[in-house]
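Engineer: what follows is a protein structure lacking sequence information:
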């Protein structure tokens, strides 16, 4: 079984619960979501294997990106008010019209005002908010660091219960309307999925077991920071929930995951109970196949998620100026092994915090304490 499963925001164990639902339409939507996910993973595996990174850019944008690299000019409307040397996002939003052909029909381009389709506008704004966090807080120009155009397709398939990054673009389902609402509703979900693109272009963390859980956790960390920056919240003020607003009122739960208190996000008769462990005593050592979420990547990510929350609140202030800087430096530093485990990653964050803030700094101590609290160290 391939390790390249699609990085959907909804973990397979949740979809499996719904696939067994007494509600035939809900069950069918969940089954289709799971099936389509296998097709997507094959596509993404092919893209990841392409040695030429430009293969990740859709053909219609490849020429523009190439001229952008050679001339150094920005890919954007010249009327943009941004300074000449200030990168700006290059967004294009499509609709699949409830089909599965990507990218679909173009509905909104960069610089164009809001359109009648609310999902298209939410996707457009979320792509911009994610671009803004990476550029303003971390001086990264788009996902590849080189101004990669951002593409999203909304209204994918009928009742599709997920959102994912397919290796070159974002895809959003509308949800089944019974348990899940539209997947463009949560800006942290958009930040989460786009961060899989950043990981793909940098550390390339293997999507299985501990490195896979770290891959998922990276996306939760940066997705949460996108939301915090949009809301102007410090680490202490944030709710640290991932996917709040995705569940309908029918679900007994607040979000898909809680970084602050893993295992408490939902407890629902239809969806089951949030299985995330809060520290290593609850670590689930599962088989490395797609039936078990590649060794529990969406389950065990609760452990590094909580470590990030503890480090961010321990350091204080805005998370992207403290723990976020440290995690970003580790992810993009070029020294992380693709198959790094929790211990190796934890040590890298402590060392990096020492380099960024000082060997005897309170920031480095906060990072070390966080990993001890979750029992990784």
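Structural biologist: Structure's in. What do you need? Nothing here was measured: the structure is a model prediction, and the numbers come from that model.
Engineer: tell me who's in contact with the residue nearest in space to the middle of the chain.
Structural biologist: In the chain, the centroid-proximal residue (Cα atoms, centre = their mean) is residue 192; its distance is 1.8 Å. Residue 192 makes contact with 9, 219-220, 222-223, 242 under the criterion Cβ atoms under 8 Å, 6 or more residues apart in numbering. (Glycine included, C-beta is placed from N, CA and C.)
Engineer: let's see that with 6 Å instead.
Structural biologist: 9, 219-220, 223 (Cβ atoms under 6 Å, 6 or more residues apart in numbering).
Engineer: wait, a strand at it?
Structural biologist: No - applying DSSP: H, G, I helix; E, B strand; the rest coil, one finds residue 192 to be helix, outside a strand.
Engineer: sorry, back to before: inside strands: which ones of the contacts of residue 192?
Structural biologist: Using DSSP state E, the subset of the contacts of residue 192 located in strands is empty.
Engineer: could you list the domains of the protein?
Structural biologist: Domains of the chain are assigned by automatic domain parsing as 12-200, 209-373.
Engineer: give me whichever of those is most buried.
Structural biologist: Ranked by mean neighbour count, those are led by domain 209-373 with a mean of 21 (mean count of other Cβ atoms under 10 Å).
Engineer: on that earlier part again, grab the nearest non-local neighbour of the residue nearest to the centre of the chain.
Structural biologist: residue 223 (3.3 Å; Cβ to Cβ, 6 or more residues apart in numbering).
Engineer: not counting its neighbours along the chain, what's nearest residue 173?
Structural biologist: Per Cβ to Cβ, 6+ apart, closest to residue 173 is residue 160, 2.7 Å.
Engineer: secondary structure class for that neighbour?
Structural biologist: coil.
Engineer: returning to what we had before: how near is the residue nearest to residue 192 to residue 240?
Structural biologist: Separation of residue 223 from residue 240 (Cβ to Cβ, to the nearest Å): 11 Å.
Engineer: now the strands for this protein?
Structural biologist: 91-95, 105-109, 150-154, 163-165, 170-172, 241-242, 257-258, 267-268, 272-273.
Engineer: where does this structure have its least confident helix or strand?
Structural biologist: helix 59-71 (a mean of 41; mean pLDDT, DSSP states H and E).
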